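Student: Next input, structure requested:
(one chain, ligands or ions: 2)
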Amino acid sequence: MVFLGSGNMNSEGHLEIGDVDTVDLAKEFGTPLYVYDVAKIREQATAYLSTFKKRNVTAKVAYASKAFSCIAMVQLMQQEGLHLDVVSGGELFTALQAGFPATHIHFHGNNKSIEELTAAVEEGVGSIVVDNFYELDCLKSIGESLNRVIPIQLRITPGIEAHTHEYILTGQEDSKFGFDLISKQADQALHEALSSSYIDMMGIHCHIGSQIFESDGFVMAIRKIFDLLEDWSESFGYEARVVNLGGGFGIAYTTNDKKISIEEMMNVVVDEVQDQVAEKSLAMPEIWIEPGRSIVGEAGTTLYTVGSEKRIPGVRNYLAVDGGMTDNLRPALYQAKYEAVIANRLSQKNTQTVSIAGKCCESGDMLIQEVSLPKTSQGDILAMFCTGAYGYSMANNYNRLPRPAVVFVEEGEAQLVVERETYRDLVHLDRPLKKTVVTSF
Ligand SMILES: Cc1ncc(COP(=O)(O)O)c(C=O)c1O
Ligand SMILES: N[C@@H](CCCC[NH3+])C(=O)O
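Tutor: Residues are numbered from 1 along each chain as shown. Ligands and ions are numbered 1, 2, ... in the order given. Sure thing, here's the model as predicted:
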């Protein structure tokens, strides 16, 4: 069975997503093109909310907008009843421009600036996830100068190494994020938070990393958190209203990736929290989570146009497309694996193994190392699946390539939600040299 992401084959033998022919999308909007299956995004969001509802626990699901942020995406999350996690002034601005209620926004980051923190407090952001002592100090003075009590969570690093790529691990002791447990930084942070009348210490936050399949890392993190909460209850008389477990729930990028369903993962989380609460005789806190990848990853497909070919007999066949590490940095950065098809040749047999090259001036700009495809021609449309998370959001202008357009498809309709960058956009921040010197060669 050929993997078609969230799509299927239509009667013309073309890849269809959200009842829209992707070959038509490529014609209408050009390539590279990010296509999001809105029904799939809604399905993922619902899976989180309905699992918590079924378990009858109070929970908040905040979409981690770093995975993919634009105004339409933020609005979609609001429609689905999710909260929003932002990690910068830019993501916050996008959310507010989208009309997202500030009270449902959680603000993250390991080095938030005073300007970002002040804006977040002035806008009335629902919670600030505090990462370090500097930030705690800044918030105390911002609270005092604006005469506001600021709701916060303290981010701790539990000292856990989850099974994932080392670049996207965050819960280990040697991490730039959060307060360390072993050296008792977390205790000190709690002490400082509780001693300020401008800080409302809502609870504790922990994010162990991203693209994690095994539930045991989350179970271990929950145990560490509740050991700490038991200790804080005894030493400080402190009781957390919120336990935020971050995001990190993995998705299947390829047919070889094993998959754990959202329901299964959340049930493990709820079971463990309930067990810990009972074992330690603590009050049941609200469970907050912040999934990004698992909400949008599988819903995204990138369409490229096939261009040049290079065949090196006995070595490798390169097939180049009109994008690359500029629109999807993940293969170059994490050796991430993807699957692809030729969207206009789904009914044809695979007859060749090729490597998909990007068009950037880097040998490492390879999108897929080996994929089986039918015979291809220039102008064919290559569809690469599961590119919805950390694809467009990490897109860049290396080699001055304009960033792609993004369309949402749902029930047979396509809507442009991010326009394609133009060459003019590429130079619009540039300013010419002040001094003009006439050089004669
Ligand atoms: C603090 C925090 N929360 C949530 C997320 C979202 O993670 P993911 O997209 O893997 O669900 C991240 C990214 O790893 C993060 O750093
Ligand atoms: N950008 C990473 C995930 C980082 C998650 C943010 N803490 C990826 O593409 O997998």
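Student: Show me what from the chain comes close to ligand 1.
Tutor: With C-beta under 6 Å from any ligand atom as the criterion, the chain meets ligand 1 at residues 64, 67, 85, 108, 170, 207, 210-211, 246-249, 290-294, 389. (C-beta placed from N, C-alpha, C; glycine too.)
Student: So which of the residues you listed reach ligand 2?
Tutor: Among these, ligand 2 is touched by Ser210, Gln211 when using C-beta under 6 Å from any ligand atom.
Student: what residues does the longest helix belonging to the chain touch?
Tutor: Taking DSSP state H as the criterion, the chain has its longest helix at helix 216-236. Outside helix 216-236, the residues that touch it by C-beta atoms under 8 Å, 6 or more residues apart in numbering are 156, 158-160, 162-163, 171, 181, 186-187, 190-191, 194, 204, 206, 208-209, 212, 238-240, 243, 245, 248, 265, 268-269, 272-273, 276-277, 279-280, 282.
Student: repeat that with 6 Å
Tutor: By C-beta atoms under 6 Å, 6 or more residues apart in numbering, the residues outside helix 216-236 that reach it are 158, 160, 162, 204, 206, 208, 238, 240, 243, 269, 272-273, 276, 280, 282.
Student: In strands only, show me these.
Tutor: Using DSSP state E, the members of the contacts of helix 216-236 that fall within strands are Ile204, Val243.
Student: Can you tell me which of the contacts of helix 216-236 is nearest Asn8?
Tutor: Closest approach between those and Asn8, by C-beta to C-beta: Val269, at 32.0 Å.
Student: And that closest one, how far from ligand 1?
Tutor: According to C-beta to the nearest ligand atom, to the nearest Å, Val269 stands 13 Å off from ligand 1.
Student: Can you dump the C-alpha atoms of stretch 430-440 in CSV for me?
Tutor: Output of stretch 430-440 as CSV, limited to C-alpha atoms (Å, rounded to 0.1, in the frame of the first residue of the first chain):
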residue,chain,number,x,y,z
ASP,A,430,16.9,46.3,2.3
ARG,A,431,18.3,49.8,2.2
PRO,A,432,20.8,50.9,-0.5
LEU,A,433,24.3,52.1,0.4
LYS,A,434,24.2,55.7,1.5
LYS,A,435,27.5,56.6,-0.2
THR,A,436,27.5,56.3,-3.9
VAL,A,437,30.9,56.0,-5.4
VAL,A,438,31.3,55.8,-9.1
THR,A,439,33.8,53.1,-9.9
SER,A,440,35.3,52.8,-13.3
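Student: Which pLDDT does the model give the residue of the stretch 151-300 of the chain found nearest ligand 2?
Tutor: Of the stretch 151-300 of the chain, the residue with the smallest distance to ligand 2, taken as C-beta to the nearest ligand atom, is Ser210 at 4.1 Å. Looking at Ser210, its pLDDT stands at 92.
Student: same check, this time on Asp275
Tutor: With respect to pLDDT, Asp275 has a value of 98.
Student: now do Thr164
Tutor: We have a pLDDT of 62 for Thr164.
Student: hang on, the earlier thing: any of the residues of the chain next to ligand 1 buried? List them.
Tutor: Among these, those buried by neighbour count (16 or more other C-beta atoms under 10 Å) are 64, 67, 85, 108, 170, 207, 210-211, 246-249, 290-294, 389.
Student: so which strand or helix has Asn267?
Tutor: helix 262-280 (DSSP states H and E).
Student: list the helices and strands that helix packs on?
Tutor: helix 38-55, helix 216-236 (3 or more C-beta pairs under 6 Å, 6 or more residues apart in numbering; DSSP states H and E).
Student: Can I get that helix in PDB? Just the C-alpha atoms.
Tutor: The C-alpha trace of helix 262-280 is given here as PDB (Å, rounded to 0.1, in the frame of the first residue of the first chain):
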ATOM      1  CA  ILE A 262      -3.600  10.500  21.000                       C
ATOM      2  CA  GLU A 263      -6.200   8.600  23.000                       C
ATOM      3  CA  GLU A 264      -3.700   6.000  24.100                       C
ATOM      4  CA  MET A 265      -1.100   8.500  25.100                       C
ATOM      5  CA  MET A 266      -3.500  10.800  27.000                       C
ATOM      6  CA  ASN A 267      -5.000   7.900  28.800                       C
ATOM      7  CA  VAL A 268      -1.600   6.900  30.100                       C
ATOM      8  CA  VAL A 269      -1.000  10.500  31.200                       C
ATOM      9  CA  VAL A 270      -4.400  10.800  33.000                       C
ATOM     10  CA  ASP A 271      -3.900   7.400  34.700                       C
ATOM     11  CA  GLU A 272      -0.400   8.400  36.000                       C
ATOM     12  CA  VAL A 273      -1.500  11.800  37.200                       C
ATOM     13  CA  GLN A 274      -4.500  10.200  39.000                       C
ATOM     14  CA  ASP A 275      -2.300   7.500  40.600                       C
ATOM     15  CA  GLN A 276       0.200  10.100  41.800                       C
ATOM     16  CA  VAL A 277      -2.400  12.300  43.200                       C
ATOM     17  CA  ALA A 278      -3.900   9.400  45.100                       C
ATOM     18  CA  GLU A 279      -0.500   8.000  46.300                       C
ATOM     19  CA  LYS A 280       0.600  11.400  47.600                       C
END
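Student: The residue lying closest to Gln44 once chain neighbours are set aside: neighbouring residues, count only.
Tutor: Nearest non-adjacent residue to Gln44, counting by C-beta to C-beta, 6 or more residues apart in numbering: Ile295, 4.8 Å away. By other C-beta atoms under 10 Å, the residues close to Ile295 number 34.
Student: who's in contact with Ile295?
Tutor: Gln44, Ala45, Tyr63.
Student: one more time with 10 Å, if that's ok
Tutor: Ile295 makes contact with 40-45, 47-48, 61, 63-65, 67-68, 73, 76-77, 80, 82, 247, 249, 251, 262, 388-389 under the criterion C-beta atoms under 10 Å, 6 or more residues apart in numbering.
Student: Tell me, please, the helix or strand in the protein that averages the lowest pLDDT.
Tutor: strand 179-180 (a mean of 94; mean pLDDT, DSSP states H and E).
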